[in-house]
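**Q** dropping a prediction and its sequence here:
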Amino acid sequence: MRAKSAPSAASAASAASARTAAQFVALLVLGAVLLALGLAIGSLGWSPWTEAGDTMRLILWDIRAPRSLGAWLAGALLALAGAVAQGLFRNPLADPYLLGCSAGASLGVAALLFVMGISPAAALALRVGMTGAAFVGAIGAVLLTLVLARGVTQSLRLLLAGVVVGVVLGSGAALLTLMNPDILRAMQAFMLGSTGYVGWSAVQVMAVALGLCLLTALGCSRTLDALTLGEDTARSLGQRLTLIRLLLIATLSLATGAAVAQCGLIAFVGLVAPHLVRSWGPTTHGALLLLSALTGGALLLAADIAARWVIAPQELPVGIITALLGGSYLLWLMHRRKAHFGGAGGSQ
Amino acid sequence: MSAARFDDGSRPGAGGVPTSSGSSFATGDAGTSAAAADVASATVAMDAGVNGGTATAPDAVTLGHVPALRIELRALSLGHRQVLHPLSLAPAPRAWTAIVGPNGAGKSTLLRAIAGLLPFDGTLTLDGKPWQAWPAKARARQVAWLGQNEAASEDLTAYDIAMLGRLPHQPWLAPASAADHAAVEHAMRQTQSWDWRDRALGSLSGGERQRVLLARALAVHSGVLLMDEPLAHLDPPHQSDWARIVRGRVAAGGAVVSVLHELNVALQADTLVVMDGGRIVHQGPPHDPTTHDALQRVFHHRLLILQVQGRWVALNA
């Protein structure tokens, strides 16, 4: 309030940061509430942890807790990857999926499983290895997309290249899967996206990855702001674009790789979360990255809870729910934007 | 050449720009003489007198050291096409240099080359030291750049955009200092964009947006200010405001270089650099007959260059 009464230069900045802080707290609270719900809802429907016996405690600790935390972390990672990609490529449609990054990660995982000939159960013990393979696959896919698109300047070419890379690498993963029936089941869950296999080791891997990615991304956030003015201007402001780009591509790939290795291909979270955050008002990349991660976490956890609950005791792969929700949201956004663009076009 | 002199003698005593102001220029090449500086400050005083009522903030900016920027270019190619041929240019401090010429003459390319944004065969030096030898941020504090049709995020507020001009002054991850906030406020008040500071850039009109982007470039407080088509989307009053801001910069000792399509604004500069076919065909003060000749040549003698109320104007003929 005091900031508003004094019309000083700092007031604009402080009003914005107060809004960001409020959103930050709200999203944290939302995440905590969803986490509590995630502990209370399982394959038996509503079964709160307050009536806990020994079995219940086991279920809570070994299954629901890591799974719920894991869903939140994976959502946060994917959303962060999406926000980074959209800022880095200055393209609101950039997302780990559309850049072929997710497909690359899945190919990495499939290749690892294929080479090692590992059963799903044994694969669980190899979370770190799978994350590594997914990371390599993801970064390879992004670089391939960039080479095919000849840089990031042409949005359309970038998206087309991303789609091509995604399809080709995706079929590569499918081919490897078909050639080795042992990994078929593991890969099937993987392709649909599922939080069902997430244990504590996966949670640890994702938590470390999220910490690293957040630190790097936030460290580069001002360069992303400068990049919105175009490459020339960002360079003229003394930003080291090549270094920052490499760092951010690595961040994007690590975030995607870590999430994909644990939860498989989960669509749209990376695309929708940053759009949601932007729809709440103008924001710098620093705030956008942080809030997108929190939003993505809440989104995927909510979707995961729904996946367990809708047809309990059966459960839906969470990837199907995010695809349905995300797809409808994007359609709505497209519709709204069209009206918006029509108005703007008329005035110009 | 069809330069004619219309001196109607009816210009108001206080407000007009003196007809004879140009005559104190040396008729040499680059208008680097001390006389240019005197004229510049005199003009600032005059303009401030005229616009005193509407000015919202004093134009004085402390620029610190103004570096000497110099380009010696042998060739610049984009793709397989050679866009610029051998040329050299050293924008003078305390002067406003306007680069003019027909479409495709290489004006914007030259400006990008001077800003160190395009690789070329030749040398670019800042204070005698090669461009590449400078740390990126130190360079950025001395040479600011405003691009043509600068893309901009719809999602940052006008204030955030202007604050980006302070990036070269901020240590990594450090929050904006009081000096940064003051510089941004001053720049935004100068371009009269302060009222929209909380609005997202995407919600502003073309002209409003351009004023925010101009504030961003001004907030750098650099000794050298390079602007490519800065008048895009600006209405005549704001074009005059822009010229006044440039005069303020020059009075503070800065070097301003702008690529301009608007010849009538360019003719208010201290030096005109006339380009055609990737070459600089002429450099000289705007009142000089040889400059008018050069303009006529590159625009195929389809100009009418006149003096109206002490100012040179170019009309399409």
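**A** Noted; the coordinates are in hand. Residues are numbered from 1 along each chain as shown, chains lettered A, B, ... in the order given.

**Q** per-residue pLDDT, B:Thr291?
**A** Among the per-residue scores, B:Thr291 shows a pLDDT of 95.

**Q** residues in contact with it?
**A** By CB atoms under 8 Å, 6 or more residues apart in numbering or on different chains, the contact set of B:Thr291 is B:272, B:274, B:282, B:284-285. Heads up, the C-betas are built off the backbone N, CA and C, glycines and all.

**Q** ok so it is a helix residue?
**A** Yes: under DSSP: H, G, I helix; E, B strand; the rest coil, B:Thr291 falls within a helix.

**Q** what average pLDDT does the helix or strand hosting A:Thr242 get?
**A** Assigned by DSSP states H and E, A:Thr242 belongs to helix A:241-263. Averaged across helix A:241-263, the pLDDT comes to 88.

**Q** which SSE is immediately downstream of it?
**A** By DSSP H and E, the next helix or strand past helix A:241-263 is helix A:269-279.

**Q** could you check the angle the helix or strand that that following helix is followed by makes with helix A:269-279?
**A** Where DSSP H and E defines the elements, the next helix or strand beyond helix A:269-279 is helix A:285-309. Interaxial angle of helix A:285-309 relative to helix A:269-279 (axes from the mean of the first three to the mean of the last three CA atoms, to 10 degrees): 120 degrees.

**Q** what's the neighbour count on the closest residue to A:Leu276 other than its chain neighbours?
**A** Of all residues not flanking A:Leu276 in the chain, A:Thr295 sits nearest, at 5.5 Å (CB to CB, 6 or more residues apart in numbering or on different chains). Using other CB atoms under 10 Å in any protein chain shown, A:Thr295 has 26 other residues around it.

**Q** what sits against A:Thr295?
**A** A:Thr295 neighbours (CB under 8 Å, 6+ apart): A:27, A:79, A:273, A:276-277.

**Q** need those residues in a markdown table (columns: pLDDT and distance to B:Leu226).
**A** A markdown table is the format used below for the contacts of A:Thr295 (pLDDT from 0 to 100; distance: CB to CB, whole Å):
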| residue | pLDDT | distance to B:Leu226 |
| --- | --- | --- |
| A:Leu27 | 95 | 42 |
| A:Ala79 | 96 | 38 |
| A:Ala273 | 93 | 38 |
| A:Leu276 | 91 | 39 |
| A:Val277 | 93 | 35 |
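
**Q** and of the residues you listed, the nearest to A:Ala141?
**A** A:Ala79 (18.9 Å; CB to CB).

**Q** the closest one reaches A:Leu276, doesn't it?
**A** No: look at A:Ala79 against A:Leu276 with CB atoms under 8 Å: they stay out of range, at 9.1 Å.

**Q** can you pick out the residue with more neighbours from the two?
**A** A:Ala79 (33 against 17).

**Q** once you drop chain neighbours, what's closest to the more buried one?
**A** Closest to A:Ala79 by CB to CB, 6+ apart is A:Gly296, at 2.2 Å.

**Q** beta partners for the spatially closest residue to B:Leu87 that is not a sequence neighbour?
**A** Nearest non-adjacent residue to B:Leu87, counting by CB to CB, 6+ apart: B:Ile280, 4.7 Å away. Counting by DSSP bridges, B:Ile280 forms beta bridges with B:Met275.

**Q** which SSE is immediately downstream of the helix or strand harbouring A:Gly162?
**A** Assessed by DSSP H and E, A:Gly162 sits inside helix A:155-179. Counting by DSSP H and E, the element after helix A:155-179 in chain order, helix or strand, is helix A:184-192.

**Q** now that next one: buried residues?
**A** A:186-187, A:189-192 (16 or more other CB atoms under 10 Å in any protein chain shown).

**Q** could you give the mean pLDDT of it?
**A** According to the model, helix A:184-192 has a mean pLDDT of 73.

**Q** quick one: residues contacting the residue nearest the centre of chain B.
**A** Residue closest to the average C-alpha location in chain B (CA atoms, centre = their mean): B:Ser258, at 3.3 Å. Going by CB under 8 Å, 6+ apart, B:Ser258 touches B:96-99, B:226-228, B:230, B:246, B:266, B:269.

**Q** now the contacts of B:Thr291 as CSV including neighbour count and distance to A:Ala83?
**A** Formatted as CSV, the contacts of B:Thr291 follow (neighbours: other CB atoms under 10 Å in any protein chain shown; distance: CB to CB, whole Å):
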residue, neighbour count, distance to A:Ala83
B:Leu272, 27, 46
B:Val274, 27, 47
B:His282, 22, 50
B:Gly284, 22, 52
B:Pro285, 28, 52
